[in-house]
Every structure is written in C-alpha cells, then in structure tokens.
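Enquirer: Build the 3D model from these lines:
(2 chains)
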Amino acid sequence: MAASFVRSCSRASRAITTVRFMSNVPENTVYGGPKSQNPNQRVTLTQLRQKHRKGEPITMVTAYDYPSAVHIDTAGIDVCLVGDSAAMVVHGYDTTLPISLEEMLVHCRAVARGAKRPLLVGDLPFGTYESSTNQAVDTAVRVLKEGGMDAIKLEGGSPSRITAAKSIVEAGIAVMGHVGLTPQAISVLGGFRPQGKNIASAVKVVETAMALQEAGCFSVVLECVPPPVAAAATSALHIPTIGIGAGPFCSGQVLVYHDLLGMMQHPHHAKVTPKFCKQYAQVGEVINKALLEYKEEVSKHLFPGLSHSPYKIASSDLDGFLSELQKLGLDKAASAAAASAEKMEHSETPSSQ
Amino acid sequence: MASSLTRNCSRFSKAISVRFMSNLPENTVYGGPKPQNPNQRVTLTHLRQKHRKGEPITVVTAYDYPSAVHLDTAGIDVCLVGDSASMVVHGHDTTLPISLDEMLVHCRAVARGAKRPLLVGDLPFGTYESSSSQAVDTAVRVLKEGGMDAIKLEGGSASRITAAKAIVEAGIAVIGHVGLTPQAISVLGGFRPQGRNIASAVKVVETAMALQEAGCFSVVLECVPPPVAAAATSALKIPTIGIGAGPFCSGQVLVYHDLLGMMQHPHHAKVTPKFCKQYANVGEVINKALIEYKEEVSKKVFPGPSHSPYKITASELDGFLTELQKLGFDKAASAAASAAENMEPSK
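Expert: Predicted coordinates:
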C-alpha cells in the first residue's frame, strides 16, 4: 500500500513539476523521494508574526545542503537559514569572508530541495551588497530567484546598510537584519568579539535594530550581546528578535547546525566551538567511531560479508564466464572466480549479520 | 605548552599562507594549527605497498571540510570527492546535474580538511566524454584548482580508455571505474548491477584490464557479483576498490552519508543501497538533537545562564538604562533592568 502511494505521489509530481526528470529511474530509487502533494505548508512571515504575538519562541537553525535541510524540516524547525557561516563550517575557512555569491546560491538551491516547510532565509555574503544599493538589490534578487529562498539576511546598521535594506524591502523581498557581532565586519571589530558591552555600543545595538525595523525588516538577529541589551532591543521592537549568544530574552534563537550537533570532535575544533552554543549531540564522535569501525572491518576482511554482497550471477552464466576467461588465457582469474563463488555459497550459514 | 606550540605553528603558517588575517587570535582560527610535517600524505607508493602485502585499502567519500577532517582523523587511506555529491549533498535524483565548478568547490573544501588521505576527485558527467583534450583539461583543473592528487573517471569504451591514457600522459594519476557506472544510467536503464551474464561479466574484466593498460593505478568495481570482482582482481596487478562487489577486491569504498546512516526518513532508508552497511545512525542522532533544541527554545530553557556568557558591567548597565530613558524607551529600560536581575548568578 505504501509502495502504490509512493508511485501515485511520484506520478502526480511528474505531472506538475520538474524539468529535470529521468524516465528511466524507477521511483523507488528516486533519491529526492516522493514530492508532497501539499505545496502550502511553508512557514510564512504571518506565522512568525503569530508566534511572536503569542510569545512563542521562534526556532532557527542553519543548513547548507540537502541532508541538513531535510533534518531541519523533519524536526519542525521554523526557519532555515542558509548562512555565510558555510565559509567556515563547510569550506573550512577561518572567517565568513571568502565565500562567493555563486557558492552561496549553490548552498541555497540544495537547501531549497530539502526543506519544504521551514521559512528559507539566505545570507548575503561579504562583498555582494555593501558598495551600493543597486548591488544590494541585485544580490537579494538572485538569492530569491536563483537560490530559491523566501527572504534574505544582511549584516550591519550603518546608514548605507539601512538604505540598502529599505530598497530590498521595496523590491518586495523580506529582509532580516543582523546587529551586535556582525562576523563580516571582524576587520573593524578586531575579531569575533561580543558587542554592546559599554554604554555607547549598547545604545547603538538598540538604535540600529530600530532603524532596521523602520526600514521594513521583519526580524532582527542579535548576536553576542549581553542579555540586558538584548532584552532592551526586544522590548523596544515590535518585530521579533532572534538571538545567538544574546541570552534568553529574545523572541527566538538561532544556532549553527554543526555547532549544535557537535560535528567536529577534534580537540582544536572543540576549542573553537562558541561558548554560547549548547551541543545537543556529539555527532563528531559518532562519526569517528563509525569510520574507525568501517576501517577495521575492511582491514580484517570482515566487510563486506554475505549480507552486504547481494548481487548474484546464475551458475550457468558463471560457468560460461569461467570458460571465456580460460579462452582469454586468464586461468588464474578463472580459478579465483570459481573459488570465490564457492566461498560465497559456503558462508550461507547465518553467522554474519 | 600546547598553546605556545599552537602559537608557533600559527606564526609559521602565517609566514607562508596568503590568506591571512592579522586580527584573528589564533585560538579562534577555525582552520586550526597547521601541521609542521607536510610529507604525511598517502601516496600511490603507499597504496602499492598495501596491495602487495594483501592489506585492504579503505576509501570513503567526502564533500566538505568537516567530512574531510573526519576521514583524516579516522585514518582512512583514500578520500574520494565523488560526483555522488549531486545526490547526497545537492538532493538531485542522479549524479548527472553536478557541474565541474561545483565539484571544484567540493574538492577545495575537502583539500582544506584532509591532509593525510590520498585525495581523488571524480570527473563529473559531461566534462570528459566528448574528446581526449576535454578530458585532459578537466583533469588538470581538478588537480590545479581543486587541489586533488588524482582523478577518477567512469567507463570502459574505447574513447574512454584513450582519454584515461591521455590524462596519465599529462602526469595525472587515474582511477578507473567499471561495472555499474552511475553516469551511464541512461543506457543502463537505471542503477542496475552489471556483470550478471557471461558477456557482461567478461566485459567487466576486459575493460578493467584495458584501463590498467592505459596506465590507471587502480580500478573501482561497482555492483557486480563477487565472482566477477574476484576474477578482475586476480587478473589485474593494480588494486581493485569494490562497492557492492563482494569481499574479494583489494579495497572497499562507501559513500559517507550511506555509511553513517545520515538520512533517517523512511523514504531515504529505502534508497540506501543494500550493499552498504550502516555503521551508525547519525540521522537519528541529528533528529533527536534538533528536536531537543526546538523543545528547549520553545520552553525557554535554552539559553540558560551557562550559555549566556556575555556580561555588561553594572556601571555600563546603569549608563545604558539612563540613555534608553533619555531616548524615550522606558519599557526597554525596565526590560533591560529586569533582565540583568534575572541573570544574577542564581547558583
């Protein structure tokens, strides 16, 4: 029953969508899986507004590819952010600066393929929106048009940045602001340093958040500021704030996927995991253990066993094969084949799982 | 002592690397300290030795920095940046859509993370089939721009053998790939095991040998019956790397996500290949962690005090409250004041 359901979903989806479609791929091998029949399940700004009004915290997690997007969708997270943090956690750079717009768009598309329910927000990467308002609008358009995102996020609160945000909103693109520690600005900030720790800086956080709201942003991320400062901003705004390293008084929280999952277990990486990030799992250790076990099993000739060697050749074909090999002068190969066929038969006993 | 070593490594690496930010304290440098021993990379010589001694060669795919680091840490011999990225990373239904530029991005990220395993990059569909010169150009880019040590290409047609030979002559090590070649599902009629009848089985052995003749240092055998793989392995003097090809190959390869059980959704469980053993259920671990995060945020349990590390001194806070009131934000000022009280250490 499940199989025919899958088949009809597949047929339905083939009728409606995609250009990229291979008729010779049986649907039960279609990696993307059955396409859902309900297209209107996407989280929208309206739903976020409702959550905010009711005082229900908004959840946000970053994703950079298809599997992480599927995971975030499955877990019911509200917002999926394709962050320029990809530069660090996916590409291994030391900062978020090197990633290009083309690379971000590839990440966006992969995430869009995987996450059908969460609101999709794409970061504008360093260097793609700062030099003029035109540039900012063009970049934002590409993130929605080519990246398949629902909204964009940009960093900073300088006047030119506020103007850019406003123009992007006027172009019909929802914008999430980002104040406090803005990682693209570490050059002037002098590193990944928390902000809002003195009066002037704290006031600036609140003021720029309000200016971004004024410009039409639907939300503002507050990064690495003391909790009272975040509380002030959250209270002063009527749009929701999403905090990271900003304490518990924001309207919602965001964390980086890899940090949340403890993806990197190497001692150095443990050192660079931010202090404000709770690790809800130690995926890095799970991965390490699995890879070591794979390596051992292969090295000891334990993998693959019978249960992982599923493909058979009929004995008549096998005999014909052996003859052909001998005709070609490959006698050693023929005996190897014969011996292996026998070995596979004799290990038919239920020892290996 | 460890931190001064780190600082020295950092200073040393700063002397050599172009991409360098002087305002980053080295303990926040995500890439980590660079090792001082550059000659730890697995080479063809090492693989030849393993093969000679009958020690199975381990290969796993990787597509980004963290997976590359994991493979390196686990001591896997060969790291393959596979065009399987098209499916497991990008969510396409086949390996066909991925472009060379996208593969190069994957290659570079992996090169940044894996310093010890031999790095092999797949030539993606459409980048090497039309002529030998196209094949050589693509292979060159994979090494030059992708930072790989060798390339892998699929197939055993005459033109493919010629292309492999030309690439080897250009000085680039080549791994062949016969049996089920996923880029050819159009003619194969799907992801179907090969070598199941006489002609097909003989073809597997013959093309493997032709690829060896062309100069390949290894051949991947995918989804063929074990006796056929045994025959090919015996007939060749170069190592065979099997996937879904039984235990008689010189080594094994698996796709990272499949090996780890990365996708736990029932449908994805269905499309995990039968020959792949899942050594973990990372998908379930991830799902559990995300649901717990969601719950803790929804119940306002996260972040607690231990995850709200940034402080503002009492004097700065007072000044801040004053400024807020001057600006007319009285509500905000009280919110800040009660927040500060709330955060007082309640241990």
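
Enquirer: contacts and neighbour counts: CA atoms only from here.
Expert: Noted.

Enquirer: what about whichever strand or helix holds A:Ile242, near chain B?
Expert: With secondary structure defined by DSSP states H and E, A:Ile242 is part of strand A:241-244. No: using Cα under 8 Å from any Cα of the partner chain, we find that strand A:241-244 stays clear of chain B, coming within 8.9 Å at best.

Enquirer: in the next helix or strand after that strand, what counts as buried?
Expert: On the C-terminal side of strand A:241-244, the nearest following helix or strand under DSSP H and E is strand A:252-255. Applying a neighbour-count criterion of 16 or more other Cα atoms under 10 Å in any protein chain shown, one finds A:252-255 buried in strand A:252-255.

Enquirer: Can you dump the C-alpha atoms of strand A:252-255 in PDB for me?
Expert: In PDB, the C-alpha atoms belonging to strand A:252-255 read as follows (Å, rounded to 0.1, in the frame of the first residue of the first chain):
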ATOM      1  CA  GLY A 252      13.700  33.400  19.200                       C
ATOM      2  CA  GLN A 253      17.000  31.600  18.900                       C
ATOM      3  CA  VAL A 254      19.400  30.600  16.200                       C
ATOM      4  CA  LEU A 255      22.400  28.200  16.200                       C
END
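
Enquirer: So it, near chain B or not?
Expert: Yes: using Cα under 8 Å from any Cα as the criterion, contacts between strand A:252-255 and chain B involve A:252-253.

Enquirer: what about the helix or strand following that strand, distance to the chain center?
Expert: If you walk from strand A:252-255 toward the C-terminus, the next helix or strand you reach (DSSP H and E) is helix A:257-261. Taking Cα atoms, centre = their mean, to the nearest Å, the mean C-alpha location of helix A:257-261 is offset from the chain mean by 10 Å.

Enquirer: List the neighbouring strands of the strand holding A:Ile242 plus their orientation.
Expert: For strand A:241-244, the pairing partners within the sheet under DSSP bridges are strand A:219-223 (parallel), strand A:252-255 (parallel).

Enquirer: Out of these, which is closest to A:Thr74?
Expert: For these, the distance to A:Thr74 is smallest for strand A:252-255, at 16.9 Å, taking Cα to Cα.

Enquirer: Give me the contact list for that closest one.
Expert: A:57-62, A:240-244, A:277, B:297 (Cα atoms under 8 Å, 6 or more residues apart in numbering or on different chains).

Enquirer: Return the entry from the residues you listed with the maximum number of neighbours.
Expert: A:Gly243 (31 neighbours; other Cα atoms under 10 Å in any protein chain shown).

Enquirer: what residues are up against it?
Expert: Neighbour list for A:Gly243: A:221-223, A:230, A:250-254 [criterion: Cα under 8 Å, 6+ apart].

Enquirer: Quick check: bridge partners of it?
Expert: For A:Gly243, the beta-bridge partners under DSSP bridges are A:Leu222, A:Gln253.

Enquirer: so where's the stretch 201-350 of chain A uncertain?
Expert: Residues of the stretch 201-350 of chain A meeting the criterion pLDDT under 70: A:266-272, A:348-350.

Enquirer: which stretches of it form helices?
Expert: Ranges of helices within the stretch 201-350 of chain A are A:227-236, A:257-261, A:267-272, A:283-299, A:315-327, A:331-346, based on DSSP state H, counting those that start in this stretch.

Enquirer: Excluding chain neighbours, what is closest to A:Met149?
Expert: The spatially closest residue to A:Met149, leaving aside those adjacent along the chain, is A:Leu120, at 5.1 Å (Cα to Cα, 6 or more residues apart in numbering or on different chains).

Enquirer: Dihedrals phi and psi, the one you found?
Expert: Backbone torsions for A:Leu120, taken as degrees, to the nearest 10, come to phi -100, psi 120.

Enquirer: you'd agree it is up against A:Ala112?
Expert: Yes: using Cα atoms under 8 Å, A:Leu120 and A:Ala112 qualify as a contacting pair, with a distance of 7.4 Å.

Enquirer: Which neighbours do those two have in common?
Expert: A:Met149.

Enquirer: hang on, the earlier thing: just flag the most distant two among the contacts of A:Gly243.
Expert: Greatest spacing in these, by Cα to Cα: A:Ala230 and A:Val254 (13.9 Å).

Enquirer: Check chain A for its longest strand and report it.
Expert: Taking DSSP state E as the criterion, chain A has its longest strand at strand A:174-180.

Enquirer: Assign A:Leu81 to helix, strand or coil.
Expert: Using DSSP: H, G, I helix; E, B strand; the rest coil, the structure places A:Leu81 in strand.

Enquirer: So for it, what's the pLDDT?
Expert: Confidence at A:Leu81, expressed as pLDDT, is 98.

Enquirer: residues contacting it?
Expert: Under the criterion of Cα under 8 Å, 6+ apart, the contact partners of A:Leu81 comprise A:60-63, A:120-123.

Enquirer: got a list of contacts for the host helix or strand of A:Glu102?
Expert: Here A:Glu102 is covered by helix A:101-114, with elements defined by DSSP H and E. Defining contact as Cα under 8 Å, 6+ apart, one finds that helix A:101-114 is touched by A:63-70, A:73, A:82, A:84, A:120, A:122-125, A:128, A:139, A:143, A:146-149, B:89-91, B:102, B:105.

Enquirer: now swap in stretch A:49-62 and tell me
Expert: Identification of contacts with stretch A:49-62 by Cα under 8 Å, 6+ apart yields A:48, A:72, A:77-83, A:239-240, A:242, A:251-257, B:294, B:297-300.

Enquirer: can we see that at 7 Å?
Expert: Among residues not part of stretch A:49-62, those counted as contacts by Cα atoms under 7 Å, 6 or more residues apart in numbering or on different chains are A:77-83, A:240, A:251-257, B:294, B:297-298.

Enquirer: ok, now stretch A:182-201?
Expert: Outside stretch A:182-201, the residues that touch it by Cα under 7 Å, 6+ apart are A:96-97, A:126, A:155-156, A:180-181, A:202, A:205, A:224-226, A:229, B:23-24, B:310-312, B:316-317, B:319-320.

Enquirer: Over to stretch A:313-321?
Expert: Applying Cα under 7 Å, 6+ apart, the set of residues contacting stretch A:313-321 is B:196-198, B:201-202, B:225.

Enquirer: ok, back up a step: and the residue nearest to A:Met149, what does it touch?
Expert: A:Leu120 makes contact with A:79-81, A:149-151, according to Cα under 7 Å, 6+ apart.

Enquirer: If we use 6 Å, what do you get?
Expert: Taking Cα atoms under 6 Å, 6 or more residues apart in numbering or on different chains as the definition of contact, the neighbours of A:Leu120 are A:80, A:149-150.

Enquirer: same thing with A:Pro304?
Expert: By Cα under 6 Å, 6+ apart, the neighbours of A:Pro304 are B:246-247.

Enquirer: cool, and A:Pro248?
Expert: For A:Pro248, the contact set (Cα under 6 Å, 6+ apart) comprises B:Pro303.

Enquirer: separation between the residue nearest the centre of chain A and chain B?
Expert: Computing the C-alpha centroid of chain A and ranking residues by Cα atoms, centre = their mean puts A:Ala63 first, at 1.6 Å. From A:Ala63 across to chain B, the span is 11 Å (Cα to the nearest Cα, to the nearest Å).

Enquirer: go on, A:Glu293?
Expert: Noted for A:Glu293: a distance of 7 Å to chain B, by Cα to the nearest Cα.
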